[in-house]
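*Asks:* Show me the folded form of this:
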Amino acid sequence: MTPFDWQFPYPSQRMPMLARNVVATSQPLAAQAGLSILQKGGTAVDAALAAAITLTVVEPTSNGIGSDAFCILWDGKKLHGLNASGRSPADSITVPGAVSAWVALSDRYGKLPFADLFEPAIRYATDGYLVSPTIARLWAKQGPGLRGVPGFAEYFMPNGRAPAAGEKFVAPAHAKALQRIAQTKGEAFYRGELAEKMVAHSRRHGGAFSLDDFATHTADWVDTLALDYRGQTLHEIPPNGQGIAAQMALGILEGFDVSALPVDSADSLHLQMEAMKLAFADLYEYVADCATMRISTAQLLDKEYLRSRARLIDMKKAKNPGHGGPGRGGTVYLTAADASGMMVSTASACRTGPTALSCARITRMSWRRASVRSTPSSLRS
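*Replies:* Numbers count the residues shown, from 1 in each chain. Here you go, the predicted structure:
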């Protein structure tokens, strides 16, 4: 067993969960949904999917049926990546990819019937749930700015306002959409009545989705990018995802002895922030769909190039860096693990704007395109 340092650097300590089966995410009802699937004999993937699907109902401020999704999975022997971030259509925002991720993961690594994974989410959407304080606060903050988006207030602002903490929220349209996705194993969303309704609503409100955009969407199984940093290896999904920025920042920090600095000291935080700023400057300039990037991931992670970027850090002041020039040649988070050794790390994020919210009218998509990595609520067995 690998030694673990149980001494934590902060006065407020959250102990790790020690169990044969664990589900952790930002909303307890979703974590509970995942655990119930494990108790029925499902795999970690089954549990992660049940939690992810439930999150679309109980945490709509951060994700939804219309989200994109990324996953890194250890099957007990090998690491796999899944990019379901959505394809760029002919003339609009990207096609939502989360549903395709649910199908792909279930097909390859699930044990329980696909429809069984939807039962907790459909129950909460049909019968309702009590909105938690944090989600109520986010709902109230984000709602007014989206009130005028077609379909938004009708579904997300009952009685003309965001639901208050402790108030019961019921989502019958969301339940119906989930039922059709479950019954058709995603076909209704990409090639059936849900796709037709989303495209029609998009066109009515100035969007440009076509049925072909949905029908031709696929999720991609990919190899992860790996970067070694001081005896540890960080794996990320390749672009178009933004995970490479974390790897670039670590590569930039390789030349600094960060461990010698007090945790959260000014110098430690300064180094980390400046490294991330340099990494994001390159990300914004170069990272896109892998098929269209003019700089390769290998060039962005080249050790000599990252050392040259590290030399731009000034310990005396913060900078506003521009992108570099390598040599040429944007959420909810959840994780699950089961006793067999299977481990799943997945994130789901959604988009904003009228075209995406056209999907909300039919599928109750959530409205904020941002990954959220929250302090997990964990359940175990």
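
*Asks:* so how far is residue 276 from residue 307?
*Replies:* For residue 307, the distance to residue 276 equals 17 Å [CB to CB, to the nearest Å]. In this view, the C-beta of every residue, glycine as well, is placed from N, C-alpha and C.

*Asks:* With neighbour numbers in mind, choose between these two.
*Replies:* residue 276 (18 against 13; other CB atoms under 10 Å).

*Asks:* Quick check: the gap between residue 87 and residue 220.
*Replies:* Per CB to CB, residue 87 is found 10 Å from residue 220.

*Asks:* no no, residue 106
*Replies:* 16 Å.

*Asks:* Flag the shaky bits of this protein, pLDDT-wise.
*Replies:* The model of the chain has pLDDT under 70 over residues 1, 88-92, 324-331, 349-381.

*Asks:* Which helix in it has the most residues?
*Replies:* Longest helix in the chain, counting residues (DSSP state H): helix 266-286.

*Asks:* Which residues does stretch 256-264 contact?
*Replies:* The contact list for stretch 256-264 (CB atoms under 8 Å, 6 or more residues apart in numbering) reads 9, 230, 267, 268, 271, 272, 310, 313.

*Asks:* Can you point out the buried residues in that stretch?
*Replies:* Neighbour counts over stretch 256-264 (16 or more other CB atoms under 10 Å) mark 256, 261 as buried.

*Asks:* ok, now stretch 177-187?
*Replies:* By 16+ other CB under 10 Å, the buried positions in stretch 177-187 come out as 177, 178, 179, 180, 181, 182, 184, 185, 186, 187.

*Asks:* Which helix or strand contains the first one?
*Replies:* Under the criterion of DSSP states H and E, residue 177 resides in helix 172-184.

*Asks:* what's that helix packed up against?
*Replies:* When contacts are defined as 3 or more CB pairs under 8 Å, 6 or more residues apart in numbering; DSSP states H and E, helix 172-184 sits against helix 44-58, helix 119-127, helix 187-191, helix 193-204, helix 354-363.

*Asks:* got the angle between it and helix 193-204?
*Replies:* Between helix 172-184 and helix 193-204, the angle comes out at 130 degrees (axes from the mean of the first three to the mean of the last three CA atoms, to 10 degrees).

*Asks:* List phi and psi for the spatially most distant residue from the centre of the chain.
*Replies:* Ranked by distance from the centre of the chain (CA atoms, centre = their mean), the top residue is residue 316, with 35.4 Å. With angles defined as degrees, to the nearest 10, residue 316 sits at phi -100, psi -20.

*Asks:* and if you look at residue 228?
*Replies:* Torsion angles at residue 228 (phi, psi; degrees, to the nearest 10) stand at phi -90, psi 130.

*Asks:* For residue 79, see how far away it is.
*Replies:* According to CB to CB, residue 228 stands 14 Å off from residue 79.

*Asks:* And the contacts of the helix or strand harbouring residue 38?
*Replies:* Taking DSSP H and E as the criterion, residue 38 maps to helix 28-39. Residues from elsewhere that reach helix 28-39 (CB under 8 Å, 6+ apart): 21, 23-25, 44, 46-55, 58-59, 112, 116-117, 120-121, 124, 129, 132, 334, 336, 338, 376-381.

*Asks:* quick one on the thing from earlier: show me which of residue 106 and residue 220 is the more surrounded one.
*Replies:* Using other CB under 10 Å as the criterion, residue 106 and residue 220 rank with residue 106 on top: 22 against 16.

*Asks:* what helices or strands is the helix or strand hosting that one leaning on?
*Replies:* Secondary structure assignment for residue 106, by DSSP H and E: helix 98-109. With contacts taken as 3+ CB pairs under 8 Å, 6+ apart, helix 98-109 sits against helix 44-58, strand 68-74, strand 79-84, helix 187-191, strand 343-349.

*Asks:* which of the ones you listed sits most buried?
*Replies:* helix 44-58 (a mean of 30; mean count of other CB atoms under 10 Å).

*Asks:* With only the CA atoms kept, save that helix in PDB.
*Replies:* Extracted in PDB, the C-alpha atoms of helix 44-58 (Å, rounded to 0.1, in the frame of the first residue of the first chain):
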ATOM      1  CA  ALA A  44     -18.600   2.400 -10.900                       C
ATOM      2  CA  VAL A  45     -19.600   3.600 -14.400                       C
ATOM      3  CA  ASP A  46     -23.200   2.800 -13.800                       C
ATOM      4  CA  ALA A  47     -23.000   4.700 -10.500                       C
ATOM      5  CA  ALA A  48     -21.300   7.700 -12.100                       C
ATOM      6  CA  LEU A  49     -23.900   7.800 -14.900                       C
ATOM      7  CA  ALA A  50     -26.800   7.700 -12.400                       C
ATOM      8  CA  ALA A  51     -25.200  10.500 -10.400                       C
ATOM      9  CA  ALA A  52     -24.600  12.600 -13.600                       C
ATOM     10  CA  ILE A  53     -28.100  12.100 -14.800                       C
ATOM     11  CA  THR A  54     -29.500  13.100 -11.400                       C
ATOM     12  CA  LEU A  55     -27.300  16.200 -11.300                       C
ATOM     13  CA  THR A  56     -29.100  17.500 -14.400                       C
ATOM     14  CA  VAL A  57     -32.300  17.600 -12.200                       C
ATOM     15  CA  VAL A  58     -31.000  18.600  -8.700                       C
END
